[in-house]
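S.K.: 3D model of this:
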Amino acid sequence: VAINKMDTTKWSEARFQEIIKETSNFIKKVGYNPKTVAFVPISGFNGDNMIEPSSNCPWYKGWEKEVKSGKVTGKTLLEAIDSIEPPKRPSDKPLRLPLQDVYKIGGIGTVPVGRVETGVIKPGMVVTFAPANVTTEVKSVEMHHEQLTEGLPGDNVGFNVKNVSVKEIRRGNVAGDSKNDPPLGAASFNAQVIVLNHPGQVGAGYAPVLDCHTAHIACKFSELLEKIDRRTGKAVE
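M.R.: This next block holds a predicted model:
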């Protein structure tokens, strides 16, 4: 957590501690452990504590956080960013590639673009788009204008597909391997939802807009199944 504009409080340690307390409560509320989070006082205006330690806050001895391998310490925002452990990339799971956009490129054809979330995409693979229910062959895979032999989780790729028009698939569709557990459209599903801030009651008939990966669609709660204690994960009612 970078606490910015510290220069406007004259680098007040009391204000810094107050913000840590407030944000720690919020971090706990959404299910994280504040001990695994670095808190860094910064001022973007002058670059204090961003890349190099600042002399404006002599009381600040640095941040400390817990990671799998033990404790990590540092002073600057850059060090805090560098200490983030990269997630394990699930390349062994079935392909899931939510589309960010679909382009029609002259001389090439239809090129869907998106980030590989799980699995691997390769030229020659036959992919299925859900919920459009369109199946086609991948002609080529490209990232940063370079041809790839495969796209892995975390890669933002564009891939050229055969005999599919830009009208048949769109942002929010998900591509998967037609031969390995392809994605399917669903009329309904069960979800575990955290309500952070809502003025009224949330119950059956509530009609929010759902944003899931790149999809953006209206939906309706049909029934509430249970209420869960977010700290223990156990049902309370």
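
S.K.: and for the longest helix anywhere in the chain, what's in contact with it?
M.R.: Longest helix in the chain by number of residues (criterion: DSSP state H): helix 13-29. Helix 13-29 has contacts (Cβ atoms under 8 Å, 6 or more residues apart in numbering) with 1, 3, 6, 9, 33-34, 37, 39, 41, 57, 59-60, 196, 230-231. From N, CA and C alone the C-beta is placed, and that goes for glycine too.

S.K.: one more: stretch 122-133?
M.R.: 95, 99, 112, 121, 134-141, 149-151, 161, 168-170, 173-179, 182-186.

S.K.: quick one on the thing from earlier: can you flag which of the contacts of helix 13-29 belong to strands?
M.R.: Taking DSSP state E as the definition of strands, the contacts of helix 13-29 contribute 3, 41.

S.K.: of the contacts of helix 13-29, closest to Lys88?
M.R.: Asn33 (19.2 Å; Cβ to Cβ).

S.K.: quick one: neighbours of Asp177, just the number.
M.R.: Counted with other Cβ atoms under 10 Å, the neighbours of Asp177 add up to 21.

S.K.: hey, what's it bridged with?
M.R.: On the basis of DSSP bridges, Asp177 is bridged to Val127.

S.K.: and for Pro98?
M.R.: Val174.

S.K.: one step back: filter the contacts of helix 13-29 down to the ones in helices?
M.R.: Among those, no member lies in helices (by DSSP H).

S.K.: out of the contacts of helix 13-29, which end up buried?
M.R.: Among those, those scoring as buried are 1, 3, 6, 9, 34, 37, 39, 41, 57, 60 (criterion: 16 or more other Cβ atoms under 10 Å).

S.K.: any idea how far the third one lies from Trp59?
M.R.: In other words, Met6. Note on Met6: its distance to Trp59, by Cβ to Cβ, to the nearest Å, is 11 Å.

S.K.: please apply the same query to the fifth one.
M.R.: In this structure, Pro34 lies at 20 Å from Trp59, with Cβ to Cβ as the measure.

S.K.: what's the pLDDT at the closest residue to Pro123 other than its chain neighbours?
M.R.: Nearest residue to Pro123, sequence neighbours excluded (Cβ to Cβ, 6 or more residues apart in numbering): Ser140, at 5.2 Å. The model reports Ser140 with a pLDDT of 95.

S.K.: try the one 4 residues further on
M.R.: What the model reports as pLDDT for His144 is 90.

S.K.: how deep is it tucked in, by neighbour count?
M.R.: 9.

S.K.: again with Pro112
M.R.: Counted with other Cβ under 10 Å, Pro112 comes out at 26.
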